[in-house]
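> what follows is a predicted protein model with its sequence.
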Amino acid sequence: MSAVRTVAVVAAILSSGLVAGLFAAFAYSVMPGMNRAQSAAAVDVMQRINTAILNPVFGVLFGGGLIVAIIAAAVSWNDGLRWWTLGALVCYVVGVLITVMLNVPLNDLLARAGTPTTASEANRVWSAFAGEWARWNVARLVAHLTGFALLVVGLASR
């Protein structure tokens, strides 16, 4: 395997694994913890998380992960990793699409809700957000984790 191919595949493995790990953390700890809090606190904290995550580290990791997945698929096109890297790229794209088309619009709705002024309003806002957001988060987690697994198995089978 050429050095470029190795670097691209390893970078794709790392980025897909890190993104899957981030989404997994939300699935098994952040959202369950927020659901145990008062709705007003959950709304406030999630709004802050959604603002805080828009940073260069996440941008490079999430956007860069797509770029290295494309590169890995391109440089592996003529060898035994073709289908592994292509499958991983498809999974990464699915995860990005879920994020952009489903999770981000829900985040935007939550941001537009502002600060609830009553407990019943906070309950309504959080209830409208949390379940659907969590379901789509698990879907994108599965997409990224599947891509990660395809890359690891593909590389290990060489």
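Nice, I can see it.
> burial of the closest residue to Arg82 other than its chain neighbours, as a residue count?
In this structure, Arg82 finds its nearest non-sequential neighbour in Ser76, 5.5 Å apart by CB to CB, 6 or more residues apart in numbering. (C-beta placed from N, C-alpha, C; glycine too.) Neighbourhood size, Ser76 [other CB atoms under 10 Å]: 26.
> cool, Ser15 as well?
By other CB under 10 Å, neighbour count at Ser15 equals 26.
> residue contacts, it?
61, 64-65, 68-69 (CB atoms under 8 Å, 6 or more residues apart in numbering).
> in helices, which of the residues you listed appear?
In this view, the contacts of Ser15 that belong to helices under DSSP state H are 61, 64-65, 68-69.
> list the contacts of Ala11.
68, 71-72.
> let's see that with 7 Å instead.
Neighbour list for Ala11: Val68 [criterion: CB atoms under 7 Å, 6 or more residues apart in numbering].
> re earlier: which one of the contacts of Ser15 has the most neighbours?
When neighbours are counted by other CB under 10 Å, Ala69 leads these with 29 neighbours.
> how much space between that residue and Leu106?
Computed with CB to CB, to the nearest Å, the distance linking Ala69 and Leu106 is 25 Å.
> okay, now Leu54: neighbour count?
If we define neighbours as other CB under 10 Å, then Leu54 has 9 of them.
> what of Leu141?
Leu141 has 22 neighbours, counted by other CB under 10 Å.
> for it, pull up the helix or strand it's in.
When elements are assigned from DSSP states H and E, Leu141 belongs to helix 119-156.
> quick one: buried residues of that helix?
Of the residues in helix 119-156, 121-123, 125-126, 129-130, 133-134, 136-152, 154-155 count as buried by neighbour count, 16 or more other CB atoms under 10 Å.
> likewise for stretch 62-80?
62, 65-66, 68-73, 75-76.
> these into JSON lines, with extra columns for distance to Leu18?
Supplementary listing: the buried residues of stretch 62-80 in JSON lines, determined by distance: CB to CB, whole Å:
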{"residue": "Phe62", "distance to Leu18": "9"}
{"residue": "Gly65", "distance to Leu18": "8"}
{"residue": "Leu66", "distance to Leu18": "13"}
{"residue": "Val68", "distance to Leu18": "11"}
{"residue": "Ala69", "distance to Leu18": "13"}
{"residue": "Ile70", "distance to Leu18": "17"}
{"residue": "Ile71", "distance to Leu18": "17"}
{"residue": "Ala72", "distance to Leu18": "15"}
{"residue": "Ala73", "distance to Leu18": "19"}
{"residue": "Val75", "distance to Leu18": "21"}
{"residue": "Ser76", "distance to Leu18": "20"}
